[in-house]
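>>> Sequence first, then the predicted structure, then my questions.
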Amino acid sequence: MRLTLFYGGLCLASCLVLLTVVLLLSGQTLAGSVEVVIRDAFAGERRTNVTVLPKQSAEAAAMTPGQVKSLAEEIRDNALHHLVLMSAIAVGVMVLFASVVGWWVAGRVLRPLHTITEQARSMSARNIHERIALDGPPDELRDLADTFDDMLERLDRAFTSQRRFVANASHELRTPLAIERAIIQVRLANARPEDIGAIREELLDANRRSDRLLQGLLLLARSENGLPERHPVDIAAVAERVVGEALAGCSGLRGDLVTAPLTVLGDEVLLTQLLDNLVRNAVLHNTENGWFAVTLTSDGTITVANSGPPVPPETVDSLFEPFHRGAGKRVASTTGAGLGLAIVGSIADAHDGTVTATSRPTGGLDVTVRLPPHRPARR
């Protein structure tokens with residue numbers, strides 16, 4: 001309706017401007033004709049402009065100059081009156097025609113918007129897989145519909161990931177709770193005094209598993225929420241600390257560290273967790289007397305390589321999914337929540353970085369993290 005009123009108002013304004021110009025020009029033309037007739041009448045000439053005087057030239061010749069002037073003014077006023085009347089009718093017809101055409105054109109132009117609006121109103125978690133798929137020429141409305149479809153695609157992936165994450169988290173939390181319940185109901189019911197210590201350790205192991213899982217979930221949620229503040233972080237110092245702790249806590253593995261000056265804008269706790277998860281995975285999924293190596297370059301590349309059991313190339317991408325556990329753990333008693341590389345990917349994404357992994361032909365993985373380096377402006 002607003003577009004129709006706009007079209008009609010624009011047409012009305014244009015017609016009024018045109019009518020004003022026509023009336024001004026016509027009035028000047030008729031005034032000039034009257035002056036010519038009056039001048040000729042006062043000069044005593046016997047000729048009359050038949051287009052101005054409706055009487056025959058013989059009758060006009062007998063008219064006095066006053067009568068000629070009065071007749072010419074009457075003709076001028078009558079012509080202007082008819083011109084205004086006909087112009088007003090024409091303007092009304094044009095405005096009505098413009099309004100009808102404007103309503104039709106506005107309906108055709110806004111039809112894709114109605115489609116997008118209906119799709120948005122009917123959208124829910126059940127039918128988020130549906131798309132607008134608007135046909136037509138590549139114009140602004142087509143771009144809007146395609147943008148809306150892209151947004152729905154991202155939301156669909158997010159909902160799917162969220163549902164899978166909730167299902168996996170529920171499954172993972174159920175396991176330690178079931179173990180604790182079985183220990184309390186079965187073991188404690190028939191426990192002897194000398195068994196209390198072993199039962200306590202089993203409960204503590206189940207509790208530690210739940211604690212690791214909850215910490216991983218909280219850390220993953222924190223990294224996915226973005227970084228409200230960023231500060232310079234010395235990645236080389238963080239890597240030295242993480243590798244030193246890993247070597248102190250394990251035996252039978254050789255660890256190498258090659259560093260270069262590297263500073264990244266971000267959260268030091270999250271970046272420390274990123275390196276810690278990579279090194280912990282390299283230590284956990286390894287072989288006896290194996291090795292791991294951490295390499296830093298000044299362009300923001302962090303590479304963690306390790307020996308280990310062969311990893312099929314087609315399964316590498318799935319390692320970054322939450323609760324996916326790799327096979328071939330070096331320490332059988334060590335259990336994880338399967339969130340290590342998922343947390344690494346989320347932290348890297350929060351720092352505007354990327355993570356890629358490739359399987360080594362001889363076994364193990366090469367995980368590469370690329371982060372934008374921070375170079376302070378020189379003064």
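Sure, I can see it.
>>> so where do the strands sit in the stretch 101-250 of the chain?
In the stretch 101-250 of the chain, the strands defined using DSSP state E, counting those that start in this stretch lie at 231-234.
>>> Sketch out the low-pLDDT regions of it for me.
Along the stretch 101-250 of the chain, the parts satisfying pLDDT under 70 run over 125, 165, 168-169, 171-172, 175, 216-217, 219-226.
>>> Domain boundaries for this structure, per the record?
2-122, 135-225, 231-379 (automatic domain parsing).
>>> most tightly surrounded among these?
Among these, domain 231-379 has the highest mean neighbour count (mean count of other C-beta atoms under 10 Å), at a mean of 17. Heads up, the C-betas are built off the backbone N, CA and C, glycines and all.
>>> what's near enough to touch the residue nearest the centre of the chain?
Central residue of the chain (C-alpha atoms, centre = their mean): Met151, 5.9 Å from the mean position. With contacts taken as C-beta atoms under 8 Å, 6 or more residues apart in numbering, Met151 has no neighbouring residues.
>>> what about it, distance to Ser170?
Here the criterion is C-beta to C-beta, to the nearest Å. By it, Met151 lies 28 Å from Ser170.
>>> just Leu155 next, same as before
22 Å.
>>> repeat for Gln162
From Gln162 to Ser170 the distance is 12 Å (C-beta to C-beta).
>>> for His81, same thing?
Going from His81 to Ser170 by C-beta to C-beta gives 87 Å.
>>> Over to Ser122?
For Ser122 relative to Ser170 (C-beta to C-beta), the value is 30 Å.
>>> ok, now Leu371?
Distance, Leu371 to Ser170, using C-beta to C-beta: 33 Å.
>>> what do you get for Leu203?
Distance from Leu203 to Ser170, by C-beta to C-beta: 21 Å.
>>> three-state assignment of Thr362?
Of the three states, Thr362 takes coil under DSSP: H, G, I helix; E, B strand; the rest coil.
>>> If you drop the residues flanking it in sequence, what lies closest to it?
Ser307 (7.2 Å; C-beta to C-beta, 6 or more residues apart in numbering).
>>> for the one you found, what are its contacts?
Applying C-beta under 8 Å, 6+ apart, the residues contacting Ser307 are 286-287, 290-292, 360, 362-364.
>>> check contacts around Leu134.
Neighbouring residues of Leu134 by C-beta under 8 Å, 6+ apart: 112, 115-116, 141-142, 145-146.
>>> which non-adjacent residue is nearest it?
Among residues not flanking Leu134 along the chain, Ala145 sits closest, at 3.6 Å (C-beta to C-beta, 6+ apart).
>>> tell me which strands and helices the strand or helix carrying Thr358 is in contact with?
Following DSSP states H and E, one finds Thr358 within strand 354-359. Judged by 3 or more C-beta pairs under 8 Å, 6 or more residues apart in numbering; DSSP states H and E, strand 354-359 is in contact with helix 340-350, strand 365-370.
>>> hmm, 10 Å instead?
Under the contact criterion of 3 or more C-beta pairs under 10 Å, 6 or more residues apart in numbering; DSSP states H and E, strand 354-359 touches helix 268-284, strand 301-306, helix 340-350, strand 365-370.
>>> Neighbouring strands - and their directions - for the second one?
Strand 301-306 sits in its sheet next to strand 291-296 (antiparallel), strand 365-370 (antiparallel), going by DSSP bridges.
>>> now it: how far from the chain's centre is it?
How far strand 301-306 lies from its chain's middle: 32 Å, per C-alpha atoms, centre = their mean, to the nearest Å.
>>> With just CA atoms, put that strand into CSV.
Presented in CSV, the C-alpha positions along strand 301-306 are these (Å, rounded to 0.1, in the frame of the first residue of the first chain):
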residue,chain,number,x,y,z
THR,A,301,52.3,-22.1,12.7
ILE,A,302,52.3,-24.7,15.5
THR,A,303,53.0,-28.3,14.5
VAL,A,304,52.7,-31.3,16.9
ALA,A,305,53.9,-34.6,15.4
ASN,A,306,54.1,-37.9,17.1
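>>> now it: mean pLDDT?
On average, the pLDDT along strand 301-306 is 94.
>>> and if you look at the last one?
With pLDDT averaged residue by residue, strand 365-370 scores 93.
>>> For this structure, just list every one of the helices.
For the chain, the helices defined by DSSP state H cover 2-42, 57-61, 65-122, 140-182, 196-224, 235-248, 268-284, 340-350.
>>> between the third one and helix 140-182, how big is the angle?
Using axes from the mean of the first three to the mean of the last three C-alpha atoms, to 10 degrees, the inter-axis angle of helix 65-122 relative to helix 140-182 is 20 degrees.
>>> which other helices and strands contact helix 65-122?
Short answer (3+ C-beta pairs under 10 Å, 6+ apart): helix 65-122 packs on helix 2-42, helix 57-61, helix 140-182.
>>> same thing but at 6 Å, please
The contact analysis (3 or more C-beta pairs under 6 Å, 6 or more residues apart in numbering; DSSP states H and E) places helix 65-122 against helix 2-42, helix 140-182.
>>> Go through the ones you listed and name the closest to Leu274.
The closest of the helices and strands packed on helix 65-122 to Leu274 is helix 140-182. By C-beta to C-beta, the value is 19.3 Å.
>>> Just the angle for the closest one relative to helix 196-224, thanks.
Interaxial angle, helix 140-182 versus helix 196-224 (the same axes, to 10 degrees): 170 degrees.
>>> which residues touch stretch 91-111?
3-4, 7-8, 11-12, 15 (C-beta atoms under 6 Å, 6 or more residues apart in numbering).
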